[in-house]
Structures are given as C-alpha cells and as structure tokens.
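Enquirer: Quick one, structure for this:
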Amino acid sequence: MSDFKRILGYEYLKLFHRKIIWITLGIMMILSAFVISISDIGLDSDGQSIIQYIHKNRQNELEITGKTVDDTLLEEYKDKEYPDGLNYFLSCILPFNQIQTKNITEDNIYGERQKALRRDWEEYNLQEGEKDYWEEQESRIKIPFTYEYTAGERKLSTAFYLIAIMQIIFVAVAVPSIFAEEHFRKVNHLNFCCRYGKKNLYAAKIIAGVTLSLGGTICLVLACAVPVLILYGFHGLNTQIQMIYPMCSYPLTIGKVLGIQLFILLTAAVLESAFAMFCAEKMKSSTGTIAIMVGILLLSLVVNIPDQFRVVSQLWLCIPSNALAIWNLLDCRLVYLFGKYFTQMQLLPVIYGILAALLVVGGYRGYKKYQATK
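Expert: Take a look at the predicted model:
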C-alpha cells in the first residue's frame with residue numbers, strides 16, 4: 001500500500017507542477033463568477049445601482065415570503081407592481097397582456113397551468129403510462145403554491161449549464177496529459193519495465209484524473225455559488241420547485257433539485273475524466289483528446305435534435321453539457337425499463353457511472369498490453 005501511495009503522490013506532484021491546469025481552472029472560475037455577477041446588468045433599476053436594485057427587490061419579496069399564491073395575495077398587488085419573483089412565476093403561465101392588466105385569479109393561474117401541462121404532454125407524444133405517472137406526481141404537489149424568495153436558487157439552477165460547459169473544457173485541458181505525457185516524453189519505456197509499471201500505475205493515474213476532475217468541478221460550483229450567495233442569498237431551498245419552474249411536475253423542493261444537479265455534475269466529472277484518459281491513452285496525444293472533447297461540446301451547443309426523433313433526442317440530452325441545463329433535466333419524457341418508468345434525473349448518474357467504469361476497464365485492457373518499441 002505504501003508503494004501505491006508513493007506512485008499516487010508522484011502523479012499528483014506532476015499535476016500540481018503543470019501551470020496550464022491552474023491557469024485553465026482560474027480562467028474558468030473567473031468567467032463563471034463574472035457571468036453570474038453581471039447577469040442582472042441591463043435590468044430597469046430606476047437609476048439605482050444594480051446592488052441597490054437587487055437589495056430593494058429582495059426586501060420586497062421577503063415581505064410576502066410564506067404567503068400562498070392565491071386571490072388574497074393577488075388582490076394586494078392590484079394597484080402596484082409585482083415583485084420580480086412573482087412576476088417571473090406568473091409570466092411562465094399566463095400571457096403578458098393578462099399580467100399587465102392584472103386580470104388574474106387563483107383559479108386562472110392553476111387552471112392555465114394544468115392546461116399547459118397537458119398541451120406539453122400531447123406535444124411530446126407521451127404514452128398513457130407516462131401521463132398516468134405524471135398525474136400521480138401532480139397529486140403529490142401542494143396547491144396553491146407558497147411563495148418564497150428564490151432569486152438565488154433560480155440563478156444557481158440555471159448556472160449549472162454554464163458550469164457543465166466550463167467543466168468539460170477544464171477536464172479536456174487538464175486530464176489527458178496524465179496518460180499522454182509519458183508517451184510524449186518517452187518515459188513509457190521506464191514505466192512499463194518497472195515492478196509497478198502497469199496495474200498500480202494505471203490505478204494511480206485513474207484516481208489522480210478523477211480526483212482532479214472532481215476538485216476542479218467543486219471549484220467551479222463555488223465560483224458560481226459564492227457570488228449568488230452574496231448578491232441574493234439562499235432563502236427558498238425548501239420551496240417547491242414549481243415556484244421557479246411552474247411547468248414541472250416533480251414533487252421536489254428547490255434544494256433537492258439543486259442537490260440532484262450537483263450529484264449529476266460530479267458523476268459527469270467522473271465520466272469525462274475517464275473518457276479523457278481513455279482517449280489520451282489510445283491516441284497517445286493530449287491534443288487529439290482536447291479536439292474530440294471540445295468538438296463534442298460544440299456540437300452539443302449548436303445541434304438540436306427534433307423531439308420527433310424521440311430516442312435519439314433523449315440520448316443527445318444525456319451529454320453532460322445538455323443534461324445539466326435545467327430545462328432539459330426537467331424533461332417530461334420518461335424511459336421505460338424493467339416494467340417501470342424512470343426520469344432523466346434518476347438514470348443519468350447510473351448511466352454516467354456505468355460508462356465511466358467501462359472506459360476504465362477498456363482502457364486498462366489496452367494499457368497492460370501496450371509495448372514501448374521506440
């Protein structure tokens with residue numbers, strides 16, 4: 001075990017001395033924090049600084065926190081503007097002109113929501129079993145909804161899409177060198193003739209790559225979460241997710257959804273690191289691996305597979321840069337397996353874990369058979 005620790009320590013030492021890793025991580029963190037911090041610039045702040053505007057809006061929303069979104073609350077705002085959060089909630093359900101005229105009732109809100117849900121189910125061509133599943137989930141949702149100030153949670157749930165993109169770029173730059181460097185520097189002759197040059201070294205490299213990816217991912221999450229916490233705070237973690245995404249039928253709180261997003265992001269980091277190391281070992285090159293991973297990322301950003309091709313479309317959404325987008329993660333299409341329906345949230349961590357394991361095992365089969373000849 002002590003020999004393995006020394007090998008693993010040496011792998012970490014090589015990583016820590018690579019400036020490109022720290023430069024890339026620093027740039028990704030700064031970009032993430034910057035995008036989150038300026039996301040409200042351009043709002044009509046009535047001549048106030050954006051910080052003052054955010055603070056004032058937070059105070060206005062905290063005044064109605066804990067109240068149900070019903071006729072009583074709507075009546076309070078007959079002669080004044082809705083707070084941003086309440087306006088956002090209503091705009092997800094009702095037409096703009098109806099919100100402007102404030103011709104809104106409690107029955108109107110929840111009735112229109114039910115109609116919109118069923119339209120979505122028809123547009124996605126859900127099977128009867130899927131509709132029954134969502135009907136059962138809907139029966140577990142408390143109506144009327146209770147209002148909470150959720151600006152911070154809304155920002156962070158959306159930011160996971162940005163974090164997933166930054167994560168892929170970081171992994172593509174930082175991880176492939178773990179395997180490719182020994183071929184580039186011609187030290188593979190030494191590694192493979194040593195007592196611990198195959199199995200133990202491979203395991204140490206895998207652990208180093210996975211932990212580097214996980215560590216970088218956590219740093220990116222913190223780079224987004226800290227500005228959100230400072231600017232908005234997290235006041236509504238126990239609020240039902242429908243206050244942010246009314247067209248969602250998951251009976252979950254916002255805090256649970258954020259936790260699920262984080263868990264999927266971490267399993268995606270494991271998969272991406274395994275994929276990067278597999279490609280680097282097969283191609284004996286970091287540059288080729290970066291090209292493949294960035295190419296897949298760019299394709300996922302610009303290519304949208306129509307919903308008519310259901311299976312292909314759902315598989316395309318499993319790519320981490322697509323899957324972590326909250327609007328894709330809450331997709332109402334289900335997967336039927338073993339006589340039960342499963343959501344994308346439930347399947348993604350399992351899929352990522354299985355794929356990562358297959359890549360690690362497949363990579364080792366080629367690694368142990370490799371013979372250095374030049």
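Enquirer: Whichever strand or helix holds residue 336: which residues count as buried?
Expert: Per DSSP states H and E: residue 336 is located in strand 335-337. Going by neighbour count (16 or more other CB atoms under 10 Å), nothing in strand 335-337 comes out as buried. Every residue, glycine included, has its C-beta placed from N, CA and C.
Enquirer: Pairing partners for that strand, with directions?
Expert: strand 340-342 (antiparallel) (DSSP bridges).
Enquirer: Could you identify the helix or strand that succeeds the strand it pairs with?
Expert: Per DSSP H and E, the first helix or strand lying C-terminal to strand 340-342 is helix 344-369.
Enquirer: just how off-centre is that next one within its chain?
Expert: Distance, stretch centre to chain centre, for helix 344-369: 19 Å (CA atoms, centre = their mean, to the nearest Å).
Enquirer: Check stretch 238-247 too.
Expert: 17 Å.
Enquirer: Ok, stretch 252-260 next?
Expert: 12 Å.
Enquirer: average pLDDT for it?
Expert: Across stretch 252-260, pLDDT averages out at 94.
Enquirer: For it, which residues meet the burial criterion?
Expert: Neighbour counts over stretch 252-260 (16+ other CB under 10 Å) mark 252-254, 256-258, 260 as buried.
Enquirer: go on, stretch 335-354?
Expert: Per 16+ other CB under 10 Å, stretch 335-354 contains these buried residues: 341, 343-345, 348-349, 351-352.
Enquirer: top helix in this protein by residue count?
Expert: helix 199-231 (DSSP state H).
Enquirer: can you tell me which residue is nearest the centre of this protein?
Expert: The centre of the chain sits closest to residue 324, judged by CA atoms, centre = their mean, with a distance of 3.0 Å.
Enquirer: Tell me the spacing between that one and residue 151.
Expert: For residue 324, the distance to residue 151 (CB to CB, to the nearest Å) stands at 20 Å.
Enquirer: go on, residue 50?
Expert: Residue 50 sits at a distance of 13 Å from residue 151 (criterion: CB to CB).
Enquirer: got it, and residue 113?
Expert: Taken as CB to CB, the span from residue 113 to residue 151 is 21 Å.
Enquirer: Over to residue 334?
Expert: 31 Å.
Enquirer: And residue 20, by the same measure?
Expert: The gap separating residue 20 from residue 151 is 36 Å, by CB to CB.
Enquirer: okay, the two: which has more neighbours?
Expert: A direct count of neighbours by other CB atoms under 10 Å for residue 20 and residue 151 places residue 151 higher, at 24 against 11.
Enquirer: and the closest residue to that one other than its chain neighbours, what is it in contact with?
Expert: In this structure, residue 151 finds its nearest non-sequential neighbour in residue 232, 4.5 Å apart by CB to CB, 6 or more residues apart in numbering. Taking CB atoms under 8 Å, 6 or more residues apart in numbering as the criterion, residue 232 is in contact with 54, 58, 151-152, 155.
Enquirer: ok, 10 Å please
Expert: By CB atoms under 10 Å, 6 or more residues apart in numbering, the contact set of residue 232 is 36, 40, 54-55, 57-58, 149-156.
Enquirer: Now name the helix or strand holding the residue nearest to residue 297 when sequence neighbours are not counted.
Expert: Nearest residue to residue 297, sequence neighbours excluded (CB to CB, 6+ apart): residue 168, at 5.0 Å. Residue 168 belongs to helix 151-174 when assigned by DSSP H and E.
Enquirer: other SSEs contacting the helix or strand following that helix?
Expert: Next along the chain after helix 151-174, taking DSSP H and E as the criterion, comes helix 177-184. Judged by 3 or more CB pairs under 10 Å, 6 or more residues apart in numbering; DSSP states H and E, helix 177-184 is in contact with helix 2-16, helix 188-193, helix 199-231, helix 254-283, helix 286-302.
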